[in-house]
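Q: show me the folded form of this:
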Amino acid sequence: MAGDPSQLPRFGLGAIDQISFAVVDIDEAVPRFTAMFGPFVVIDVPDLDVTVRGRPSLTTLRLGFCQTGPIEVELVEVVDGA
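A: So this is what the prediction gives:
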C-alpha cells in the first residue's frame, strides 16, 4: 500500500510541467494524442548534437508540442541517429 503522498520525499523537484512520449511515427501519433490533449505543432530538428553512452553523436528528431492546461505535452520521434 502506498504511503501518504504528502510524506514522500520531493527530491528537490518542482511541480510537473512537461510530459514526453517517445513515438515510432509522429504523423501517426499526432491524431491520437490530439484527441486527448489538443492540437500539436510539429517541428523537425536535424543534426542535433547529443551524447550517447559517453560518446558524441548526431541525431535527427521530429518533435510535437501541445499545451494542455499548465502541462506541455511533447512527442519525440527519432528519425536518424542515436
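Q: hmm, Ala29 and Gly64 touching each other?
A: Yes. Applying CB atoms under 8 Å, one finds Gly64 in contact with Ala29, separated by 7.4 Å. Yep, even glycine has a C-beta here, placed from its N, CA and C like the rest.
Q: between these two, which contacts overlap?
A: Leu75 (CB atoms under 8 Å, 6 or more residues apart in numbering).
Q: quick one: the helices in the chain?
A: 26-37 (DSSP state H).
Q: strands of that one, residue ranges please.
A: 18-22, 41-52, 55-68, 71-81 (DSSP state E).
Q: what helices or strands is the third one leaning on?
A: Contacting strand 55-68 under the criterion 3 or more CB pairs under 8 Å, 6 or more residues apart in numbering; DSSP states H and E are the following elements: helix 26-37, strand 41-52, strand 71-81.
Q: redo those as JSON lines? Include mean pLDDT and mean neighbour count.
A: Conversion of those to JSON lines gives the following (pLDDT from 0 to 100; neighbours: other CB atoms under 10 Å):
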{"stretch": "helix 26-37", "mean pLDDT": "97", "mean neighbour count": "14"}
{"stretch": "strand 41-52", "mean pLDDT": "95", "mean neighbour count": "11"}
{"stretch": "strand 71-81", "mean pLDDT": "95", "mean neighbour count": "15"}
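Q: as a markdown table, these with distance to Thr59 would be great.
A: Formatted as a markdown table, the helices and strands packed on strand 55-68 follow (distance: least, CB to CB, whole Å):
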| stretch | distance to Thr59 |
| --- | --- |
| helix 26-37 | 14 |
| strand 41-52 | 5 |
| strand 71-81 | 3 |
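Q: these: which one's closest to Gly12?
A: Nearest to Gly12 among the helices and strands packed on strand 55-68 is strand 71-81 (20.1 Å), distances taken as CB to CB.
Q: and the angle for the closest one with helix 26-37?
A: 170 degrees (axes from the mean of the first three to the mean of the last three CA atoms, to 10 degrees).
Q: list the contacts of strand 71-81.
A: So strand 71-81 is contacted by 16-26, 29-30, 33, 37, 40, 42, 44, 48, 50, 57-67 (CB under 8 Å, 6+ apart).
Q: repeat that for 6 Å
A: 18-23, 26, 29, 37, 57-60, 62-66 (CB atoms under 6 Å, 6 or more residues apart in numbering).
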